[in-house]
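**Student:** Predicted model, plus sequence, below.
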Amino acid sequence: MFLGGKIPLLLNERDEWELPGGKLDVDESPEVCVAREVKEELSADVKVVEILDSWTYTIYKGVHVFIVTYLVEGLSGAENSMTVSCEHKQLKMFYPDEISSLNMPQGYKNSIFKAISTREDP
């Protein structure tokens, strides 16, 4: 999701920046999960466009998470209503050229770069 040319990212308890997201609820589709998690974590409504990428992240030794990233569109007014939930330490908006230098798993960076290239395609 790009808002004013920036990407909203959340700072987690490991001091890593990440995209909003979370685990599927029972009988929930991935698209519904993405929209729900963005609403819970940013207080923003989004429309899921497509799957961007998938990768496995090792949080700690022996703890692996399968990540699927989606391209989403912010619905009207999303940029004015965003707030950070209690699940994260901070919400910050970043320009695309700031992403490379962030303390962030490389998989998230790759997904963001893929979204940027998708967005620039005609």
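**Tutor:** Perfect, thanks for sending it.

**Student:** Can you give me the separation between residue 31 and residue 112?
**Tutor:** As judged by Cβ to Cβ, to the nearest Å, residue 31 and residue 112 stand 19 Å apart. Backbone N, C-alpha and C define where each C-beta goes, glycine included.

**Student:** okay, and for this structure, where does confidence drop off?
**Tutor:** Scanning the chain with the threshold set as pLDDT under 70 gives 1, 3, 75-84, 86, 119-122.

**Student:** could you redo the last one with a cut-off of 50?
**Tutor:** By pLDDT under 50, the weakly predicted segments of the chain are 121-122.

**Student:** which SS class is residue 13?
**Tutor:** With DSSP: H, G, I helix; E, B strand; the rest coil as the basis, residue 13 sits in coil.

**Student:** So for it, what's the nearest residue that isn't a sequence neighbour?
**Tutor:** Distances taken as Cβ to Cβ, 6 or more residues apart in numbering place residue 89 nearest to residue 13, at 6.9 Å, with adjacent residues excluded.

**Student:** Going along the chain, name the strands of the chain.
**Tutor:** Taking DSSP state E as the criterion, the chain carries its strands at 7-11, 17-18, 46-60, 63-74, 90-94.

**Student:** What is the longest helix of the chain by residue count?
**Tutor:** The helix that spans the most residues within the chain, counting by DSSP state H, is helix 106-120.

**Student:** Can you check what angle separates it from strand 7-11?
**Tutor:** 170 degrees (axes from the mean of the first three to the mean of the last three Cα atoms, to 10 degrees).

**Student:** Need the residues that contact helix 106-120.
**Tutor:** By Cβ atoms under 8 Å, 6 or more residues apart in numbering, the residues outside helix 106-120 that reach it are 2, 7, 17-19, 52-53, 55-57, 67, 69, 71, 96, 99-100, 102.
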